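>>> Any chance you can model this:
(one chain, ligands or ions: 1)
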Amino acid sequence: MTTNTIELDSVSRWYGNVVAVNDVTLTIGPGVTGLLGPNGAGKTTVLHMMAGFLAPSQGTVLVNGTPSWRNPDVYRSLGLVTERESVPGYLTAWEFVHASAVLHKLPDPKAAARRAIDLVEMGEAMDRRIGTYSKGMRQRTRVAAALVHEPSVLLLDEPFNGMDPRQRMHMMDLLHRMAGEGRTILFSSHILEEVEQLSGTVQVIVSGRLAASGDYRHIRRLMTNRPHEFVITSSDNRRLAAALMCLPSVSGVELGTAGLQVRANDFGGFTRELTKVARAQGIRLSQLLPSDESLERVFSYLVAS
Ligand SMILES: Nc1ncnc2c1ncn2[C@@H]1O[C@H](COP(=O)(O)OP(=O)(O)OP(=O)(O)O)[C@@H](O)[C@H]1O
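Numbering: from 1, shown residues only. Model prediction:
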């Protein structure tokens, strides 16, 4: 099936010596999909190749069955909301979205602009200058401009950056509604919870490679089951170290100046057992801190697994 579908086959893209995307193969169909990865993972490069702005150095990128690079047919069926805001503050939303409709050479640009503005619920504010809008309103205006030609595929690069929770909810609701109309919506993010709230399907990209792909719960499980490191302080670190070493969920214990460094294989099992052991030994726990929670490390684990 090729309708509303994006397909990457063995796609790589390099900039000089930098390999930004490395041999990625994936297919994305209708509904909402999250493209998750830490900063610099290659998400923007992937989205720009899908949108036909960038040529792949190797491999093929198809949108609705045809190569997207320099293909006006693809531009007609695809919308891209870029990461950086470049909305002219002196225009009104109406002027901005209408200009987009005119650039697309739509037969009735006024009607198309009005439809897109209504879809993002910006009708009331559409005659005000964009410079006076909140971040969320500016973002919705950009989505309206990207949607004005009713594309079947919509790509959004970090659409929630800088939004407050209310604006996020509003944008999430909008993306869900558009997906409900049968469109393919792909958005990038470096925040796992964002992807959790919005989409069941996730593609995880780390250092240019596809690290994991599929159902959100599966990815979440992979991340939760990875080895965790903690620093624990207690009323008797030495005795606690000896007790923890006997636990099946613990793979390493080290007594340091900052406290007890513990490596656990099974996150859930360890947190349950720790309190039991401490109680049985009469040891008071004063602190339990994760010591390896940088996003890059969490994602790197997915690549290695
Ligand atoms: N025009 C360019 N010239 C050279 N290197 C580039 C260029 N664009 C991106 N890169 C490099 O390619 C890699 C992937 O960048 P990309 O912007 O696609 O990642 P990203 O996941 O979107 O990150 P971010 O969320 O920080 O924008 C990075 O190492 C980046 O420095």
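>>> only C-alpha atoms for contact and neighbour calcs from this point on.
Fine.
>>> Please name the residues that touch the closest residue in space to residue 59 that isn't next to it in sequence.
Nearest in space to residue 59, with sequence neighbours left out and distances taken as CA to CA, 6 or more residues apart in numbering, is residue 11 at 4.2 Å. Neighbouring residues of residue 11 by CA atoms under 8 Å, 6 or more residues apart in numbering: 21, 22, 23, 24, 25, 56, 57, 58, 59, 60, 61.
>>> Can you give the domain ranges for this protein?
With domains defined by the TED database, the chain comprises 6-215, 223-304.
>>> lowest-confidence stretch among those domains?
Across the domains of the chain, domain 223-304 has the smallest mean pLDDT, namely a mean of 82.
>>> Check the offset of that domain from the chain's centre.
Computed by CA atoms, centre = their mean, to the nearest Å, the chain-centroid distance of domain 223-304 equals 29 Å.
>>> before we move on, the earlier item: sort out which of the contacts of residue 11 are buried, if you could.
Burial by neighbour count, 16 or more other CA atoms under 10 Å: within those this picks out 21, 22, 23, 24, 25, 56, 60, 61.
>>> What is the nearest of those residues to residue 98?
Distance to residue 98 across those (CA to CA) is lowest for residue 61, with 30.0 Å.
>>> For that closest one, what are phi and psi?
Main-chain torsions, residue 61, degrees, to the nearest 10: phi -120, psi 120.
>>> try residue 258
Taking degrees, to the nearest 10 as the convention, residue 258 sits at phi -80, psi -10.
>>> Quick check: it touching residue 234?
No. When contacts are counted by CA atoms under 8 Å, residue 258 is not listed as touching residue 234 (11.0 Å).
>>> Specify which residue of these two has the higher count of neighbours.
Between residue 258 and residue 234, counted using other CA atoms under 10 Å, residue 234 has the larger neighbour count: 17 against 9.
>>> who touches the more buried one in this structure?
Going by CA under 8 Å, 6+ apart, residue 234 touches 240, 259, 283, 284, 285, 286, 287.
>>> Which of those are buried? Put it as a ChimeraX command.
Here the buried members of these are turned into a ChimeraX selection, burial being counted by 16+ other CA under 10 Å:
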select :240,259,283,285
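>>> What I need now is the contacts of residue 234 written out in CSV, including distance to residue 92 and secondary structure for each item.
Output for these, formatted as CSV (distance: CA to CA, whole Å; DSSP: H, G, I helix; E, B strand; the rest coil):
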residue, distance to residue 92, secondary structure
240, 64, helix
259, 58, coil
283, 64, coil
284, 61, coil
285, 58, strand
286, 56, strand
287, 53, strand
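>>> Intersect the contacts of residue 234 with the contacts of the ligand.
Contacts with the ligand within these, counted by CA under 6 Å from any ligand atom: none were found.
>>> what is the residue nearest to residue 59 paired to in the beta sheet?
Following DSSP bridges, residue 11 is listed with bridge partners residue 24.
>>> and the end-to-end length of stretch 120-138?
Terminal residues of stretch 120-138 are spaced 11 Å apart (CA to CA, to the nearest Å).
>>> which parts of it are buried?
By neighbour count on 16+ other CA under 10 Å, the buried set for stretch 120-138 is 120-122, 125-126, 128-130, 133, 135-138.
>>> ditto for stretch 7-14
For stretch 7-14, by 16+ other CA under 10 Å, it's 7, 8, 10, 11, 12, 13.
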